[in-house]
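# Below is the structure, and that's it, no one-letter string:
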């Protein structure tokens, strides 16, 4: 299985060797500012009364994502951009795995070299334009679809030296070919997985099961439950926000009529 990862290694190596500009750091979570209306309280006495202030209800819920909406949708664009290439890598892997079973090692190596040249001619120009963030997501998604890191792909197919050299080259762009993918453990991977599930359900991306799902259909059951719960929270938050906006508009109209 390991020797068929030349496609994934080529895709990622081409990407990390690009001379693109670094991506801008994600912006922080926006903070809503409120006017300063606080006043010093007078000395408290036994019969002292203070004017009451009616405050709007506040619903406290878990975040839709561990980042701002702006960052979330930025990651979604990147995932949708690199997803086809991760799928392409896994498809070539499966094909090459089948070929090795019927070819001698010498003929198989020649076929690997031929496929690498074919991929380079067809996709190098596109992959070299990928940003570092897109390259990192591609490395993650290749692991998702194959069940092995790109570093192990290069080491098992080529040599330990080439794997070391490729990983060192990737390190110059703050990337690591040893990155794994597990949304059950890593928050960043969870965000990527949720984006994929949303795109699958909405028809924005074609569905291709991950390697672990093919091995164990219930591998991501907990992740699926978390995603469903977060989607429900998002819907409830959107409803609450719409209701709040309607109430504010209604109150503004009442205040306007009162001022007249």
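Everything's here; your move. If you're wondering where the values come from, they're calculated on a predicted model, not measured in any experiment.

# Low-confidence ranges, the stretch 151-260 of the chain, go.
156-159, 213-215, 217-220, 260 (pLDDT under 70).

# in it, which spans are helices?
With DSSP state H, counting those that start in this stretch as the criterion, the stretch 151-260 of the chain has helices at 160-171, 187-201, 211-215, 221-259.

# so what does the first one touch, helix or strand wise?
Contact partners of helix 160-171 among helices and strands, from 3 or more Cβ pairs under 8 Å, 6 or more residues apart in numbering; DSSP states H and E: helix 6-16, helix 150-157. Using the backbone N, CA and C atoms, a C-beta is placed for each residue, glycine as well.

# Could you tell me the angle between it and helix 150-157?
Put simply, helix 160-171 runs at 160 degrees to helix 150-157, going by axes from the mean of the first three to the mean of the last three Cα atoms, to 10 degrees.

# Would you mark the buried spots in helix 160-171?
Across helix 160-171, burial judged by 16 or more other Cβ atoms under 10 Å covers 163, 166, 167, 170.

# Residue 144 against residue 182, yeah?
No: counting by Cβ atoms under 8 Å, residue 144 sits too far from residue 182 to count as a contact (9.0 Å).

# Compare these two (neighbour count), which wins?
residue 144 (25 against 16; other Cβ atoms under 10 Å).

# any idea how far the more buried one is from residue 137?
Here residue 144 is placed at a distance of 10 Å from residue 137 (Cβ to Cβ, to the nearest Å).

# what's the neighbour count on residue 115?
18.

# in which helix or strand would I find it?
helix 105-127 (DSSP states H and E).

# Mind listing what's buried along stretch 174-184?
For stretch 174-184, by 16+ other Cβ under 10 Å, it's 175, 176, 177, 179, 180, 181, 182, 183.

# Make a markdown table out of those residues and add distance to residue 84.
Below are the buried residues of stretch 174-184 laid out as a markdown table (distance: Cβ to Cβ, whole Å):
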| residue | distance to residue 84 |
| --- | --- |
| 175 | 20 |
| 176 | 23 |
| 177 | 20 |
| 179 | 20 |
| 180 | 22 |
| 181 | 17 |
| 182 | 22 |
| 183 | 20 |
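
# picking up where we left off before, how far off helix 150-157 does the helix holding residue 115 point, in degrees?
Angle between the axes of helix 105-127 and helix 150-157 is 150 degrees (criterion: the same axes, to 10 degrees).

# Now do helix 105-127: which elements does it pack against?
Under the contact criterion of 3+ Cβ pairs under 8 Å, 6+ apart, helix 105-127 touches helix 6-16, helix 69-102.

# Can you list the buried residues in it?
Applying a neighbour-count criterion of 16+ other Cβ under 10 Å, one finds 108, 112, 115, 116, 119, 123, 124, 127 buried in helix 105-127.

# Just name the closest of these to residue 79, please.
Residue 79 has its nearest neighbour among these in residue 127, at 15.7 Å by Cβ to Cβ.
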